[in-house]
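In: have a look at this prediction, sequence included:
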Amino acid sequence: MLRKVLVANRGEIAVRVLRACRELGVRSVAVFSDADRDAMHVRLAGEAVRLGPAPSGESYLRQDKVLEAAQRTGAEAVHPGYGFLSENAGFARACAKAGVTFIGPSPEAMEQLGDKVRARQLAIREGVPVAAGSEGAVKDSAEAARVAERIGFPVMLKAAGGGGGMGLRVARTAQELPRLFEDARAQAEQAFGNGAMFVEKFLERPRHIEVQVLGDAKGHLIHLGERECSIQRRHQKLLEEAPSAGLDAKQREMVGALAVKLAQVGKYSNAGTMEFLLQDGKFHFNEMNTRLQVEHPVTEMVTGVDLVQWQLRIASGEELTLRQEQVHWNGHAIEVRINAEDPLHDFRPSPGPVRRWVPPSGPGVRVDSALAEGWTVPSHYDSLVAKVIAWGPTRREAAQRLHGALGEMRLSGFPTNAALHRLLLQDAHFLEGDLSTRFLDEHNVMERFAQQAQQERAQAEERAAALAAALALAPQGGIGTLHERHTRPPRREE
Amino acid sequence: MHIVLELDGEPFELWLVREGAEVRVEVGGRTLDARVQGPGPFDVQVGGRTHRVEVPDATHAVVDGERVGFRIPSFAPGGAPGQHDEEEGGSKVVKPPMPGRIAALKVREGDTVQKGQILLVLEAMKMQNEVAAPRSGKVARIHVKPGDVVESGSVLVELEDA
């Protein structure tokens, strides 16, 4: 087993990896930016190294600083988490050159399967179904237009190196295609340094189904079933679950086999995820994420397999002793992403101080977060602050348990999307399981949420009025005195 | 009096007028009459129901059985409900909707802008957020430059009548 691992990430995922290290008796090193000096991952690690100022370009994305920290502390391996350096083949190579193990696939497998165009070409060659479209990259908008005429509008214009909705446009007519193509290409070039574009038929009402795969260095690969992540806003996942309510056992087996086949020909090892779109009973390979994913806990909850421990064990050179027939699925798990964002204002980011944090708990409830009262959510990184996951024997029981858990949770100091999740978890259409990536639009979820939020705000205003009136009439002290106490500059601690 | 009351960090702006044993409270565009009973814990009748309010110390209250932290960051005596209309046509001082980093400026000092016109782009949590002019006018001063990190209360841009 590895003796010491550096976790090149922050927030809840750094905490998740540090816990796995502790459980396996592996010593750990955290890295942090100036914005994360007091963060939980720093506290949980055996030692911690400062990378630099708050912006990620000067801290968590600095490959040289991360490797220097690994060498200085004697860490043998680096776990990249998700985001930041996790899908950077150049970083994986730099690790190898520095004699540090990168906990993930080989750089070659990352390039083969992580590049959308190359992965699509491989899928076509191996007979894994993809949406109709160009086989490889198209050289300009004229070629994209010819492909679109052949497969029919609407089409998706996608960047080979894209992600998170960037470098992605839907063209509905031949007239608007050239402009959208150039938009997407310019965005992808700027964001990912790669302007290669390809064209796919746009699926109007797909379900997002993804398959977790796990493999060792010797080529033993298995899948741990699917997750459904159809509930999205602006191409970002909000709620994920396992298994999918839309698959039967035969489809599960089929899509699992497709994922394993593609991972095998791409010589993939460690943990990864194959994403598919399912529409009208047909699967279409979408892309592969060559790393651990945010929503991995739902798979862990239904299979009982600890994915992060396996990542560390495989990186240590251990064989994956778990065989496909030993993987069983028990019950249902749902995860919600609690983000520091304001769903009433177009999901705008809302970083701020954590005034109150009471995580939910109880049977079948899991919370992965890095929150602590008195800590401030920095504005420099993504808005995910906690994941709340609930397991139940059935999908309905899991949804009900998660709804209850969110009702018990207290998180204040900045707006979050927690109340939106509560509405979703009680929504009749959601409970029916008839999902698609257009769910929020199809069922007017945001309009209903705005109405509900207005009522809740009115009730909160009444409570505030009651407290203010009581303070105004209180015999001693009174509001003026309290104001003075609350705004007096804090005494300096020397 | 005019107060800002924060409950667990969530701000409420209230105007209070004391009328004997009653307090008239304006909040969120509504006028509520609050009748307060008891030396504490208080039973406060507001909006057709009675709320039980306890104030165990100067920073905590228990409202309807739920403990909340409270702060009063702003207090001004006097004033009366109905006399606090927003500055006509929107604020002249532009503050950021969230903390973040200035990604780009779209106007210069001296420019004439229309209400809703984009003044600058603020980057927070990997998202680009456009900050628009709350009113029409002339850009009097710009207090920030690209790359600056700003907090919620800081003044970004000041506008004046064109």
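Out: Ah, there it is. Residues are numbered from 1 along each chain as shown, chains lettered A, B, ... in the order given.

In: the helix or strand residue B:68 falls within: which residues count as buried?
Out: If you go by DSSP states H and E, residue B:68 is part of strand B:66-76. Using 16 or more other C-beta atoms under 10 Å in any protein chain shown as the burial criterion, the residues of strand B:66-76 that qualify are B:68-72, B:75. Any C-beta I mention is one placed from the backbone N, CA and C, and that applies to glycine too.

In: between these, which sits nearest chain A?
Out: Among the buried residues of strand B:66-76, residue B:75 lies closest to chain A (C-beta to the nearest C-beta), at 3.5 Å.

In: report the contact partners of residue 156.
Out: In the absence of a named chain, this looks at chain A. Listed by C-beta atoms under 8 Å, 6 or more residues apart in numbering or on different chains, the contact set of residue A:156 reads A:131, A:133, A:168-171, A:199-202.

In: meant chain B, my bad for not saying
Out: Neighbours of residue B:156 in contact, by C-beta under 8 Å, 6+ apart: B:94-96, B:102, B:119-120, B:131, B:142-144, B:150.

In: which helix or strand lies directly C-terminal to the top helix by length along chain A?
Out: Scanning chain A for the longest helix, with DSSP state H as the assignment, gives helix A:445-473. Towards the C-terminus, the helix or strand next in line after helix A:445-473, according to DSSP H and E, is helix A:478-487.

In: buried ones in the worst-scoring helix or strand of chain B on mean pLDDT, by neighbour count?
Out: Between all helices and strands in chain B, the lowest mean by mean pLDDT, DSSP states H and E belongs to strand B:127-132, at a mean of 85. Applying a neighbour-count criterion of 16+ other C-beta under 10 Å, one finds B:127, B:129, B:131 buried in strand B:127-132.

In: redo the residues you listed as JSON lines? Include distance to chain A.
Out: Converted to JSON lines, these look like this (distance: C-beta to the nearest C-beta, whole Å):
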{"residue": "B:127", "distance to chain A": "5"}
{"residue": "B:129", "distance to chain A": "6"}
{"residue": "B:131", "distance to chain A": "11"}
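
In: could you list the domains of chain B?
Out: Listed by automatic domain parsing, the domain ranges of chain B are B:2-76, B:93-160.

In: typo on my end, chain A
Out: A:4-103, A:132-201, A:207-450, A:451-487.

In: mean pLDDT added to those, as JSON lines?
Out: Compiled in JSON lines, the domains of chain A are given as follows (pLDDT from 0 to 100):
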{"stretch": "domain A:4-103", "mean pLDDT": "97"}
{"stretch": "domain A:132-201", "mean pLDDT": "91"}
{"stretch": "domain A:207-450", "mean pLDDT": "96"}
{"stretch": "domain A:451-487", "mean pLDDT": "85"}
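
In: in JSON lines: those domains, plus distance to residue A:119.
Out: Listed next are the domains of chain A as JSON lines, based on distance: least, C-beta to C-beta, whole Å:
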{"stretch": "domain A:4-103", "distance to residue A:119": "12"}
{"stretch": "domain A:132-201", "distance to residue A:119": "9"}
{"stretch": "domain A:207-450", "distance to residue A:119": "6"}
{"stretch": "domain A:451-487", "distance to residue A:119": "41"}
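
In: the contacts of residue A:156: which two are farthest apart?
Out: Distance extremes for those: the farthest pair is A:131 and A:169 at 15.3 Å, using C-beta to C-beta.

In: so where's chain B shaky on pLDDT?
Out: For chain B, the stretches with pLDDT under 70 are B:78-89.

In: the buried residues of strand B:66-76 also near chain A: which ones?
Out: B:69-72, B:75 (C-beta under 8 Å from any C-beta of the partner chain).

In: dump the residues you listed to JSON lines, plus distance to residue A:82.
Out: Formatted as JSON lines, those follow (distance: C-beta to C-beta, whole Å):
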{"residue": "B:69", "distance to residue A:82": "34"}
{"residue": "B:70", "distance to residue A:82": "38"}
{"residue": "B:71", "distance to residue A:82": "36"}
{"residue": "B:72", "distance to residue A:82": "42"}
{"residue": "B:75", "distance to residue A:82": "46"}
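
In: can you count the residues close to residue A:38?
Out: 12 (other C-beta atoms under 10 Å in any protein chain shown).

In: which residues of the stretch 151-300 of chain A lie near chain B?
Out: Counting by C-beta under 8 Å from any C-beta, the stretch 151-300 of chain A has no residue next to chain B.

In: which parts of the stretch 151-300 of chain A are helices?
Out: Applying DSSP state H, counting those that start in this stretch to the stretch 151-300 of chain A gives helices spanning A:177-192, A:249-265, A:296-303.

In: comparing the ones you listed, which comes out most buried?
Out: Counting by mean count of other C-beta atoms under 10 Å in any protein chain shown, helix A:296-303 has the highest mean neighbour count of the helices of the stretch 151-300 of chain A, with a mean of 24.

In: sec struct for residue 119, please.
Out: With no chain named, the answer covers chain A. Following DSSP: H, G, I helix; E, B strand; the rest coil, the label given to residue A:119 is helix.

In: that was the other one, I meant chain B.
Out: strand.

In: all helices of chain B, in order?
Out: With DSSP H as the criterion, chain B has no helices.

In: related to what we said a few turns ago, parallel or antiparallel, list what pairs with the least confident helix or strand of chain B.
Out: Strand B:127-132 has the following strand partners under DSSP bridges: strand B:118-124 (antiparallel).

In: how far off centre is the partner strand?
Out: Mean-position distance between strand B:118-124 and its chain equals 21 Å (C-alpha atoms, centre = their mean, to the nearest Å).

In: restrict that strand to CA atoms and write it as PDB.
Out: Taking C-alpha atoms only, strand B:118-124 is exported to PDB below (Å, rounded to 0.1, in the frame of the first residue of the first chain):
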ATOM      1  CA  ILE B 118     -23.900  46.100 -19.000                       C
ATOM      2  CA  LEU B 119     -21.300  48.100 -16.900                       C
ATOM      3  CA  LEU B 120     -18.900  45.300 -16.100                       C
ATOM      4  CA  VAL B 121     -18.400  41.500 -15.800                       C
ATOM      5  CA  LEU B 122     -17.900  40.000 -12.400                       C
ATOM      6  CA  GLU B 123     -16.400  36.500 -12.200                       C
ATOM      7  CA  ALA B 124     -17.500  34.400  -9.200                       C
END
